[in-house]
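Colleague: no letters, just coordinates:
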């Protein structure tokens, strides 16, 4: 089935999904960030059909997230290395890891982020690099950027500007659950 | 085509993708976070076929990310409201917004996060809530959680523990580009 392409849409979330908005693509990037580079390694890790893996790797190369490099001439064999852009997808995967631990680990977390020196579990939040304040309303809001279309200006008018950054009623409860599954004190 | 289900896999990224690893699902969540609740609103915003929208909304309700609420009895009409779990997906979308701006906005950003008081563009990074230090190696690493399987222990052995958190060679360059597209000084 033909999907609508979002490449021309100005929303940066839609543009990102245009490149990785697919189940396998994100798991391939996860494995690439874990150090896998070869076709057989991805295939074994994911249990993915070879034809599908070929298509997904090709798409990630075309989107500039992986680079193909020949590591053997006889027989011809390629490996796939993350570009800067692909490597930078790390932040999305870490946010997804934290969300998965908070909501889909009823038996406790399987993998957590810890302080390398003390072993204390970390609780990932998004902040501004400079101020280190959490990116939540009302301190922060969305705003049209320099290339915003009229449509984007309309979308971001009035009440909508802070919604994406508003903390939900349940965020605190989810955080407590996450601390428990990570093995913290309750 | 039948996809392999990752629900039983212990990786929290795979478990998250089990619920939202699909193009439309994430855009529906984006729109829900922007305040949309009704079928027609989602359909207009996304230009999505009604049958596909129904399936995606049903899946998001089944995964506990949206709640269906009847707002009109005659004619029968439902609206869709974010659950706590759905609202908490915000962090993933904000990370995706930042990544999209850094890499897929050659003409400049269309939407940015700004300090509500000063208007200064924010630069989103992931830190630990308590220490406010960036979640990058070597300060932080991955570790098996309390529910880690033997397979997860193996995956996280030795060299693999810090890879996901290692800053790429190009991260700094990408950040400079992002500052430019957001309208900062270069």
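Modeller: Received, thanks. Predicted model only: the values in this text are computed from it and were never measured.
Colleague: any weak-confidence spans in chain A?
Modeller: Flagging of chain A using pLDDT under 70 yields the residue ranges A:1-8, A:158-161, A:168-186.
Colleague: where do the helices sit along it?
Modeller: A:12-20, A:23-33, A:39-46, A:50-62, A:84-87, A:90-103, A:150-155, A:171-181 (DSSP state H).
Colleague: winner for burial among the ones you listed?
Modeller: Sort the helices of chain A by mean neighbour count, taking mean count of other Cβ atoms under 10 Å in any protein chain shown, and helix A:90-103 sits at the top with a mean of 25. Heads up, the C-betas are built off the backbone N, CA and C, glycines and all.
Colleague: by contact count, what packs against it?
Modeller: helix A:23-33, strand A:111-115, strand A:124-128, helix A:171-181, helix B:12-20, helix B:90-103, strand B:124-128 (3 or more Cβ pairs under 8 Å, 6 or more residues apart in numbering or on different chains; DSSP states H and E).
Colleague: for it, the distance to its chain's centre please.
Modeller: Distance of helix A:90-103 from its chain centroid, counting by Cα atoms, centre = their mean, to the nearest Å, is 7 Å.
Colleague: quick check, central residue of chain A?
Modeller: residue A:92 (2.3 Å; Cα atoms, centre = their mean).
Colleague: among the helices of chain A, which is nearest residue A:144?
Modeller: Closest of those to residue A:144 is helix A:150-155, at 5.1 Å (criterion: Cβ to Cβ).
Colleague: pop the domain breakdown of chain A in here.
Modeller: Chain A breaks down by automatic domain parsing into domains covering A:12-87, A:90-181.
Colleague: quickly check: the first one near chain B or not.
Modeller: Read it as domain A:12-87. Yes: using Cβ under 8 Å from any Cβ of the partner chain, domain A:12-87 reaches chain B at A:12-19, A:21-23, A:26-27, A:30, A:33-35, A:47-48, A:64, A:82-85, A:87.
Colleague: quick one: contacts for the residue lying farthest from the centre of chain A?
Modeller: Most distant residue from the mean C-alpha position of chain A: residue A:74, 36.3 Å away (Cα atoms, centre = their mean). Contact partners of residue A:74, counting by Cβ atoms under 8 Å, 6 or more residues apart in numbering or on different chains, are absent.
Colleague: where does it fall, phi/psi-wise?
Modeller: phi -130, psi 110 (degrees, to the nearest 10).
Colleague: test my guess that residue A:70 contacts residue A:76.
Modeller: Yes: taking Cβ atoms under 8 Å as the definition, residue A:70 is a contact partner of residue A:76 at 6.7 Å.
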